[in-house]
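**Student:** Curious how this folds, go ahead:
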Amino acid sequence: MFILRAAANRGQKSQASHSVLQSLFFSILLVAVLAGGSEVAHAATLTVNAGGDLQAALNAAQPGDTIVLQAGASFTGPFTLPNKGASTEWITIRTSTPDSALPSSRISPADSPLLPKLLSPGSTEAALQTSAGAHHYRLIGLEIRTVSASSLVYDLVKLGDGGSQQNTLAKVPHHLVLDRCLITAFPTQTLKRGVSLHSGETTIINCYIAGFKSPDQDSQAVGGWNGPGPFHIINNYIEGAGENLMFGGATPWITGLVPSDIEIRGNYLYKPLSWRQGEPNYAGVRWSVKNLFELKSARRVVFEGNVLENCWGDVFAGYGAISLTVRGDSGPQAILEDITIRYNIMKHTPNGLNILGKDTYDPSQQGSRMKIENNLFIDIDGARWNGDGEFAKVSNMPDLVINHNTIFHTGNIISAYGPPSPGFVFTNNILKHNAYGIIGVNQASGNGTLNTYFPGAVVRRNLFVGAASGDYPRDNFYPTSLPKVVEVDPGQGDYRTIPDSGYKGRATEGKDIGCDFDYLKKATSGVAHR
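**Tutor:** Numbers count the residues shown, from 1 in each chain. The predicted structure follows:
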């Protein structure tokens with residue numbers, strides 16, 4: 001049973017209640033302001049202790065109310081967030097642990113005792129899901145998992161529906177917040193997806209989402225294809241085998257839908273090496289591994305200040321850091337346009353980027369306008385991680401800009417194939433040429449490939465370490481070895497141009513060539529922790 005504790009408009013007069021209500025009022029007001037709402041007319045607190053009926057509390061709650069769940073108590077679902085009508089006031093569902101005792105930033109498994117447990121019963125049932133059109137729910141400080149490691153579940157948290165039940169925008173849930181939630185699978189458990197993201201206006205912030213994996217299926221910590229966005233994925237630990245984070249990958253039931261207006265900032269995308277055969281700490285189960293971050297259909301995406309670590313060739317010799325490929329499996333409307341990847345660190349992967357502007361086999365739209373700027377790529381090593389060690393594989397992506405990146409890789413700079421990519425800009429990057437540098441199918445390295453696969457390309461002020469100067473356009477630099485160019489300090493994550501190298505301040509705008517390390521450090525400070 002749940003207990004109705006306090007309501008600003010229900011006549012309780014005590015000073016203690018007044019203080020609690022005043023604090024609650026300002027919390028709800030802050031949420032409303034952040035969400036663009038202005039209604040704050042109702043503020044009741046419904047407390048659900050161990051053994052209580054959480055679904056009854058969810059059904060009874062009115063816009064503006066807060067449901068407080070006893071920390072440490074377990075509640076077995078599935079639980080459904082109801083559609084409460086047109087009000088834009090928020091319903092908050094939170095732990096009884098006060099904010100002063102919760103971490104102010106990212107949650108971790110060490111905080112589990114502070115959190116109530118929402119449990120999936122198995123039998124393919126989610127722990128938490130939404131009714132059609134449900135909106136304005138904020139969840140704070142909840143632990144979400146299954147009742148046991150043997151529970152069969154495909155999607156642990158379902159925000160919206162990826163199937164035929166959600167075939168119009170009117171049915172899409174929206175204005176949803178997951179804040180400091182611990183969303184996990186057991187270490188030996190097969191669980192396909194942590195959060196299925198088929199919603200509008202949704203924020204996932206300060207969460208720990210980990211352990212989502214399958215030995216024989218694609219799996220994601222967070223993934224979605226049938227929600228319009230906007231999506232805000234900020235300061236989370238995200239761990240999944242197939243793809244840690246992905247948009248697209250299946251045909252949406254809402255005609256013409258493309259996930260849009262997506263910001264992904266300050267997240268740590270990580271795969272444990274205990275999942276990889278041959279590693280010293282291999283745990284004995286080979287999980288199906290693909291990429292760290294993947295887009296198959298999306299518009300207006302900013303991916304900034306993230307750290308991506310550990311991937312390896314498994315299902316295929318994949319593109320272990322980031323795959324940006326338009327795929328018709330996301331529907332004929334699938335497209336990638338206005339994608340910005342900046343100020344990220346990507347390390348210990350078999351390859352860097354896989355970029356494809358239009359599906360080779362299935363109907364899709366033509367992608368365009370992609371920027372890869374001010375990133376650091378470390379240990380892109382084909383031999384170590386079972387791949388080709390390429391920085392990028394590129395086909396048919398117009399208006400692709402690759403600018404101010406610092407790259408440590410063992411293979412080609414760019415492998416080009418298929419239709420050309422006009423409007424290509426490649427400037428101010430530091431990288432090794434290795435054997436073939438920029439090379440396309442049936443073309444010579446350098447100018448031959450650029451003329452064929454990147455007509456009209458702007459290639460300036462790059463440090464092509466070890467390349468022959470006559471093979472590339474003028475206005476680039478060709479040092480013979482990396483130590484003459486870059487001051488490598490892995491302990492500090494710093495790879496700046498050596499002051500007396502002759503290359504300081506030689507970028508197109510007078511800055512240093514390579515990544516802006518001052519801003520990169522600020523953007524990724526404190527991100528890489530579990």
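**Student:** from here on, contacts and neighbour counts on C-alpha atoms
**Tutor:** Fine.
**Student:** Just give the number of residues close to residue 104.
**Tutor:** Per other CA atoms under 10 Å, the neighbour tally for residue 104 reads 10.
**Student:** how far away is it from residue 184?
**Tutor:** Separation of residue 104 from residue 184 (CA to CA, to the nearest Å) stands at 20 Å.
**Student:** How about residue 129?
**Tutor:** Residue 129 is 16 Å from residue 184, by CA to CA.
**Student:** residues touching the spatially most central residue of the chain, list them.
**Tutor:** Centroid-nearest residue in the chain: residue 245, 4.5 Å away (criterion: CA atoms, centre = their mean). For residue 245, the contact set (CA atoms under 8 Å, 6 or more residues apart in numbering) comprises 220-223, 238, 269, 292-294.
**Student:** Looks like residue 202 contacts residue 227 (just checking).
**Tutor:** No: counting by CA atoms under 8 Å, residue 202 does not reach residue 227; the two are 9.8 Å apart.
**Student:** Please say which of those two ends up with more neighbours.
**Tutor:** Neighbours per residue (other CA under 10 Å) separate residue 202 from residue 227, with residue 227 holding more: 32 against 26.
**Student:** That one contacts residue 159, correct?
**Tutor:** No: Residue 227 is beyond contact range of residue 159, at 9.0 Å (criterion: CA under 8 Å).
**Student:** Find residues that contact each of those two.
**Tutor:** What both residue 227 and residue 159 touch, as defined by CA under 8 Å, 6+ apart, is the set 197-199.
**Student:** Just give me the closest of the residues you listed to residue 304.
**Tutor:** Using CA to CA, residue 197 is the member of those that sits closest to residue 304, with 19.8 Å.
**Student:** Write down the beta-bridge partners of that closest one, one by one.
**Tutor:** Judged by DSSP bridges, the bridge partners of residue 197 are residue 159.
**Student:** same deal with the one 5 residues further on?
**Tutor:** With DSSP bridges applied, the residues forming beta bridges to residue 202 are residue 176, residue 231.
**Student:** which residues in the stretch 401-530 of the chain form helices?
**Tutor:** 447-453, 517-524 (DSSP state H, counting those that start in this stretch).
**Student:** Would you mark the buried spots in stretch 411-425?
**Tutor:** 411-417, 419-425 (16 or more other CA atoms under 10 Å).
**Student:** Quote the end-to-end distance of that stretch.
**Tutor:** Criterion CA to CA; first-to-last residue distance in stretch 411-425 is 21 Å.
**Student:** which residues are in contact with it?
**Tutor:** So stretch 411-425 is contacted by 381-382, 388-403, 431-441, 449, 452-459 (CA under 8 Å, 6+ apart).
**Student:** Report pLDDT for residue 310.
**Tutor:** In this model, residue 310 is scored at 97, pLDDT.
**Student:** Might one say that it is in contact with residue 272?
**Tutor:** Yes: at 7.2 Å, residue 310 counts as touching residue 272 under the criterion of CA under 8 Å.
**Student:** The two: which has the busier surroundings?
**Tutor:** Neighbours per residue (other CA under 10 Å) separate residue 310 from residue 272, with residue 310 holding more: 21 against 16.
**Student:** how far is stretch 212-224 from where the chain is centred?
**Tutor:** 14 Å (CA atoms, centre = their mean, to the nearest Å).
**Student:** Flag every buried residue along that stretch.
**Tutor:** For stretch 212-224, a neighbour-count test (16+ other CA under 10 Å) marks 212-215, 218-224 as buried.
**Student:** got it, and stretch 250-267?
**Tutor:** Residues of stretch 250-267 classed as buried by neighbour count (16+ other CA under 10 Å): 250-254, 257-267.
**Student:** Sort out for me which of these are in strands.
**Tutor:** The strands, defined by DSSP state E, take in 260-265 from the buried residues of stretch 250-267.
**Student:** ok so, going back, for residue 69, state which of the buried residues of stretch 250-267 is nearest.
**Tutor:** Ranked by distance to residue 69 (CA to CA), those are led by residue 267 at 27.5 Å.
**Student:** any idea how far the closest one lies from residue 306?
**Tutor:** Separation of residue 267 from residue 306 (CA to CA): 5 Å.
**Student:** Give the residues shared as contacts by the two.
**Tutor:** residue 527.
**Student:** which SS class is residue 111?
**Tutor:** Recorded secondary structure, residue 111: helix (DSSP: H, G, I helix; E, B strand; the rest coil).
**Student:** give me the low-pLDDT residue ranges for the stretch 351-500 of the chain?
**Tutor:** 490 (pLDDT under 70).
**Student:** Show me the strands in it, by range?
**Tutor:** 353-356, 368-373, 376-380, 392-395, 400-403, 406-409, 414-416, 425-427, 430-432, 438-440, 458-460, 463-465, 486-489, 494-497 (DSSP state E, counting those that start in this stretch).
**Student:** Pick the most buried one from these.
**Tutor:** Most buried of the strands of the stretch 351-500 of the chain, by mean neighbour count (mean count of other CA atoms under 10 Å): strand 430-432, with a mean of 26.
**Student:** Where do the helices of the stretch 251-400 of the chain begin and end?
**Tutor:** 382-385.
**Student:** measure residue 300 to residue 258 for me?
**Tutor:** Counting by CA to CA, the gap from residue 300 to residue 258 is 10 Å.
**Student:** which one of the contacts of residue 245 sits closest to residue 356?
**Tutor:** Residue 356 lies nearest to residue 294 out of the contacts of residue 245, by CA to CA, at 11.7 Å.
**Student:** Per-residue pLDDT of the closest one, please?
**Tutor:** On the pLDDT scale, residue 294 gets 98.
**Student:** model confidence over stretch 65-84, on average?
**Tutor:** Computed over stretch 65-84, the mean pLDDT rounds to 98.
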